[in-house]
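> fold the stuff below for me.
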Amino acid sequence: TADRTKVELDLTQRYPTPYDDIMQAATRPISLDKAWVYGLIRQESRFIRSARSHVGASGLMQIMPTTATYVARKIGMTGFSLSSLNDIKTNITLGTQYLNMVLANLGGSQTLATAAYNAGPGRPHQWRSTLDKPVEGAIFAETIPFTETRVYVKNVMANTTWYAAMFENKPQSMKIRLGTVTPRDANLTEPGDLP
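Numbers count the residues shown, from 1 in each chain. Below you'll find the model as predicted:
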């Protein structure tokens with residue numbers, strides 16, 4: 001409903017921040033941008049805890065079962081079972097850890113990592129390898145060959161910019177947030193076994 005309003009803009013209604021204590025506990029220790037995680041959750045599930053996609057992704061952060069199992073093993077989460085995937089704390093913990101892994105794998109680019117969260121970690125590596133020079137993140141986003149991922153990246157990054165404006169109480173630049181995407185960096189590793 002808040003998205004449909006034309007006259008009044010109440011950011012706290014349009015960009016809610018539920019579960020902030022869990023979010024802080026998940027993002028702070030790994031220095032992950034909380035605004036980005038909220039922006040991603042808003043796009044993925046609209047904060048519906050029981051959300052489930054047609055391909056089997058679950059919970060607030062829409063995590064695939066294989067990804068959840070992989071991340072739980074990597075971070076040493078004890079007692080994890082797929083039945084706990086819709087638990088808010090479990091979902092946010094696994095989702096933020098995975099997002100952080102993808103971000104590190106893509107050289108710290110939120111634009112590339114957002115694309116990877118939607119399309120898989122290997123695809124942004126392929127897409128950036130076609131570049132012959134650095135490009136603005138907005139230009140890169142427009143060249144993503146999958147319509148779903150292209151729209152997803154734009155929406156998540158727009159959400160993130162609004163959340164950051166709320167958290168920092170000052171206007172934000174989406175251009176700065178999208179950054180620059182460079183051709184493949186020889187110092188970065190391939191996605192390896194990231195699901």
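> do a quick rundown of the helices in the chain.
Counting by DSSP state H, the segments of the chain that form helices are 11-14, 20-27, 34-44, 65-75, 88-105, 110-119, 122-129, 137-143, 147-168, 174-178.
> now those helices in TSV, with mean neighbour count, distance to His54 and mean pLDDT?
Quick note: C-beta positions are derived from backbone N, CA and C, even for glycine. Shown next, in TSV, are the helices of the chain (neighbours: other C-beta atoms under 10 Å; distance: least, C-beta to C-beta, whole Å; pLDDT from 0 to 100):
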stretch	mean neighbour count	distance to His54	mean pLDDT
helix 11-14	12	26	85
helix 20-27	16	26	98
helix 34-44	24	13	98
helix 65-75	17	14	97
helix 88-105	21	18	97
helix 110-119	25	14	97
helix 122-129	18	19	92
helix 137-143	18	24	97
helix 147-168	19	12	97
helix 174-178	16	29	96
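> how about a markdown table for those, with distance to Gly56 added?
A markdown table is the format used below for the helices of the chain (distance: least, C-beta to C-beta, whole Å):
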| stretch | distance to Gly56 |
| --- | --- |
| helix 11-14 | 29 |
| helix 20-27 | 22 |
| helix 34-44 | 14 |
| helix 65-75 | 6 |
| helix 88-105 | 14 |
| helix 110-119 | 15 |
| helix 122-129 | 19 |
| helix 137-143 | 26 |
| helix 147-168 | 16 |
| helix 174-178 | 30 |
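> so which of those helices gets nearest Pro195?
helix 65-75 (4.6 Å; C-beta to C-beta).
> where's the residue nearest to Phe146 when sequence neighbours are not counted relative to Ala57, distance?
Nearest residue to Phe146, sequence neighbours excluded (C-beta to C-beta, 6 or more residues apart in numbering): Ala119, at 5.8 Å. Going from Ala119 to Ala57 by C-beta to C-beta, to the nearest Å gives 13 Å.
> likewise Leu9?
Distance from Leu9 to Ala57, by C-beta to C-beta: 30 Å.
> between the two, tell me which one has more neighbours.
Applying other C-beta atoms under 10 Å to Leu9 and Ala57 shows that Ala57 carries more neighbours, namely 18 against 9.
> quick check, the more buried one in contact with Leu82.
No: using C-beta atoms under 8 Å, Ala57 makes no contact with Leu82, being 12.0 Å away.
> skipping its backbone neighbours, what lies nearest Thr182 in space?
Pro134 is the one closest to Thr182 (C-beta to C-beta, 6+ apart), at 4.5 Å.
> got a list of what the one you found touches?
Residues in contact with Pro134 (C-beta atoms under 8 Å, 6 or more residues apart in numbering) are 180-183.
> Pro65: which of those is nearest?
Using C-beta to C-beta, Val181 comes nearest to Pro65 of these, at 30.3 Å.
> who does that closest one bridge with?
Bridge pairing for Val181 (DSSP bridges) gives the partners Val135.
> wouldn't it be in contact with Gln110 here?
No: Val181 is not in contact with Gln110 according to C-beta under 8 Å; the separation is 10.5 Å.
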